[in-house]
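> Sequence and computational prediction follow.
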Amino acid sequence: MNEQRKTRGGAHVAGKHQSSRAASAPKAAAAKQTAEPKPRPKKKNRGFPAGAVAAALIVVAGIAFGVHTARNLYLDDSIRKGVHMGEVDLSGMDRSQAVTALERVYGADSLNETMDIRVGEATYQLTANEAGLSYDIAKCVDEALAYGHEGGFSQRFRDYWRARTRKVQLELDTTLDRSVLETRVSEMTAKVEQPLSPSSFRYADGVLTLDKGQTGYSLDSAALVKLLEERLRTADFSPVDAPLRQADPQKLDPDAIVAAVTKDVVETSLDLENDPSGKTVLPGEAGVTVDPKAVMAAIADSDRITTVPCTIVEPKYSAAEYKALLFRDVLGEGTTSFNAGNVGRTTNVLLATDNCNGKILLPGDVFSYNETVGPRTYERGFKDAIVYVGTSAEDGVGGGICQVSSTIYYATLRADLKIVERHAHSREVTYVPKGEDATVAWGSKDFRFENDTEFPIKVVTSHTKNTLTVKLYGTKTQNKTVKIDTTILETTPFEVERKLDTSLPPGTEKVDSNGYTGYKTVSYRVVYIDGKEVSRTLENNSTYKKYNKVILYNDAEPAGPAEPTTPVTPPAGPTEPTVPSEPTTPTEPDPTVPVEPAPPVDDDPIELTPEG
């Protein structure tokens, strides 16, 4: 070493005096070769290998750790580090220290701690003493000291290692009177529990009563006892929220309440379903109305039960009053004449009249002539009578019944009733004024009117030998009269057509069909109350077609008188019979001449005699 440090020192000096060495380079070089020592050969390492040293160190460390651990496991009798009892950390304490620490927290003074128990909006208090709580501190210390000090090496080591690496929480050894807790909880339950009362409403005598209901509360007693026991055994006296179950009643629906309470008034009426004669009166029923805003305000009120006044709407008439007013007045009437000598037509008129007699219409009902009279068939007693077929007249079943529908129409106009359907005849009729007739045809044309009064109406018909009368009975509420004002807008006179008919005796003629003047009219319904005109409304526009008068004639000259002849005396013997002449062949129609199709039957009777 000294040599090495010296060598390092000569070289250092030589470096500092480079100029003198340069002057005597050959000498210096010779001197360097002479003075520089030869490298020494490396000595062999005769110590322990590095791996062996490391292994030895590990062994030594392991022995040391083992000795230290064994000492801690078997010789250290203090409480293991990391051991807690309740809220107290007992790490490293001996028995007396542990007793002192536990007494400080769980001693006699701790038994006076008060626990608040919140149940809904109420608060109850409970002390440890009341619950019969006590802590066995000596036993707690024994358990703490025993942890990690019992069992074999592996058990002790596991407990030792667990305590060093994490918190070990040991339970306090306590004594508790559970029955006390159950009793206290039962008392709380009796005070706070209440059954659910559902919301409801009811109406009686004009008053709507609303009950918003009552919230139901139920206490889970078993869960609360368990929670209190856990808190007391761990000396946790923080406030406890009881597991209170709450059930709220359903909220009242104002719209549903208004709909349920509101009731339309049922006016007194006739029970035609069970008594078509109209003699049985159904008493009316009062209606009820309620203000929706008042209902909403009552629901929003803080009081559980609130009331809302309702409006009772009584029927206009009692059963007795209604019965006295029924069919009291004649609202409208009409009388028309017919030719009693026309047996078939008269039969039809009277049969239709009888079918309409006694028909009762409640307010809002619609009278249908076709439905009331029914189909016109032979089986139902109807006969053939004159009906219009285009420009001619011929027999048809039910002919003439339009006179009944026209007479009813005439009466409804005077009664100021609403007309639903009406059709004018194709040509003028003589039994009612223009614009006041109503034709019908089964399946296509009907006459209908509505009872738009507030009382029932009865159709009453009667007849004499040659007259038909219709009266509409009801109840007048005003001094009303009605007149029909009809204006002829256009008149088309009929023409006379003469047609040759060789089948007539020569030199004769006859009327084949009467002529009908054509008209266009407009009718207004004029209503008077107490003699004063209050309304004038369009009733109808009617068009009656023109039909020419047709006269058939044969202008052939009649044969002159035969020359007188001398009577011939018949022979005594029989004579030969004369040979009859051959019959003439009828003339076939010319197929090149178009034939007009027959028009449909209009069910329109011809009145052969003037009215009344």
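Looks like it arrived, so ask away. Numbering: from 1, shown residues only.

> Quick check, pLDDT for the spatially closest residue to residue 214 that is not a sequence neighbour.
Residue nearest to residue 214 in three dimensions, not counting chain neighbours: residue 197, with 3.7 Å by C-beta to C-beta, 6 or more residues apart in numbering. The way it works is simple: take the backbone N, C-alpha and C, and place the C-beta from them, glycine included. As summarised for this prediction, residue 197 has a pLDDT of 94.

> Then the one 5 residues further on?
At residue 202 the predicted local distance difference test score is 96.

> count of residues packed around the residue nearest to residue 214?
When neighbours are defined as other C-beta atoms under 10 Å, residue 197 has 14 of them.

> That one against residue 213, yeah?
Yes - with the criterion set as C-beta atoms under 8 Å, residue 197 and residue 213 qualify as a contacting pair; they are 4.9 Å apart.

> Mutual contacts of these two, please.
Common neighbours of residue 197 and residue 213 (criterion: C-beta atoms under 8 Å, 6 or more residues apart in numbering): residue 249.

> Output the below-cut-off pLDDT ranges for the stretch 351-500 of the chain.
For the stretch 351-500 of the chain, residues meeting the criterion pLDDT under 70 lie at 389-392.

> ok, which stretches of it are helices?
Counting by DSSP state H, counting those that start in this stretch, one finds helices in the stretch 351-500 of the chain at the ranges 369-373, 402-414.

> Buried deepest among the ones you listed, which one?
Mean neighbour counts were compared across the helices of the stretch 351-500 of the chain using mean count of other C-beta atoms under 10 Å; the top stretch is helix 402-414, at a mean of 26.

> quick one, domains of the protein?
76-192, 256-321, 327-554 (automatic domain parsing).

> Can you give me the neighbour number for residue 400?
29.

> From residue 470, how far out is residue 293?
Taken as C-beta to C-beta, to the nearest Å, the spacing of residue 293 relative to residue 470 amounts to 52 Å.

> what about these two, which has more around it?
When residue 293 and residue 470 are compared on other C-beta under 10 Å, the one with more neighbours turns out to be residue 470, at 26 against 11.

> That one contacts residue 331, correct?
No - shown here, residue 470 and residue 331 do not form a contact pair, counting by C-beta under 8 Å, at 11.2 Å.

> Excluding chain neighbours, give the residue nearest to residue 184 in space.
Using C-beta to C-beta, 6+ apart and skipping the chain neighbours, the partner closest in space to residue 184 is residue 126 (6.1 Å).

> what pairs with the one you found across the strands?
Beta-bridge partners of residue 126, counted by DSSP bridges, are residue 115.

> Return the residues in contact with it.
Each residue near residue 126 by C-beta under 8 Å, 6+ apart is listed here: 114-115, 117, 184, 228.

> Relative to residue 314, which of those residues is nearest.
residue 117 (60.1 Å; C-beta to C-beta).

> Not counting its own residues, what contacts the helix or strand where the closest one lies?
Using DSSP states H and E, residue 117 maps to strand 114-119. When contacts are taken as C-beta under 8 Å, 6+ apart, the neighbours of strand 114-119 outside the stretch itself are 123-128, 188, 191-192, 219, 224, 228, 231-232, 237-242, 244.

> what's the answer for stretch 529-546, then?
The contact list for stretch 529-546 (C-beta under 8 Å, 6+ apart) reads 413, 419, 422, 424-428, 434-435, 437, 478-481, 484-485, 492-494, 516-528.

> Determine how far stretch 92-110 lies from the middle of the whole chain.
74 Å (C-alpha atoms, centre = their mean, to the nearest Å).

> Name the residues of it that are buried.
Of the residues in stretch 92-110, those buried by neighbour count under the rule 16 or more other C-beta atoms under 10 Å are 93, 98-99, 101-102, 105-106, 110.

> repeat for stretch 247-260
Buried residues in stretch 247-260, defined by neighbour count with 16+ other C-beta under 10 Å: 249, 252, 254, 257-258.

> got JSON lines for these, with pLDDT too?
JSON lines is the format used below for these (pLDDT from 0 to 100):
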{"residue": "249", "pLDDT": "95"}
{"residue": "252", "pLDDT": "95"}
{"residue": "254", "pLDDT": "96"}
{"residue": "257", "pLDDT": "96"}
{"residue": "258", "pLDDT": "96"}
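
> any chance of the residues you listed in JSON lines, plus distance to residue 60 and secondary structure?
Listed next are these as JSON lines, based on distance: C-beta to C-beta, whole Å; DSSP: H, G, I helix; E, B strand; the rest coil:
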{"residue": "249", "distance to residue 60": "81", "secondary structure": "coil"}
{"residue": "252", "distance to residue 60": "88", "secondary structure": "coil"}
{"residue": "254", "distance to residue 60": "91", "secondary structure": "helix"}
{"residue": "257", "distance to residue 60": "94", "secondary structure": "helix"}
{"residue": "258", "distance to residue 60": "97", "secondary structure": "helix"}
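
> farthest pair in the residues you listed?
249 and 258 (19.6 Å).

> now, which of the contacts of stretch 529-546 lie within strands?
Among the contacts of stretch 529-546, the members falling in strands (DSSP state E) are 419, 480-481, 484-485, 492, 518-528.

> For PyMOL, write a command that selects the buried ones of those residues.
One line in PyMOL is enough to select the buried members of those, burial here meaning 16+ other C-beta under 10 Å:
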select buried, resi 419+484+518+519+521+523+524+525+526+527
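
> Quickly note the distance from residue 525 to residue 440.
Distance, residue 525 to residue 440, by C-beta to C-beta: 21 Å.
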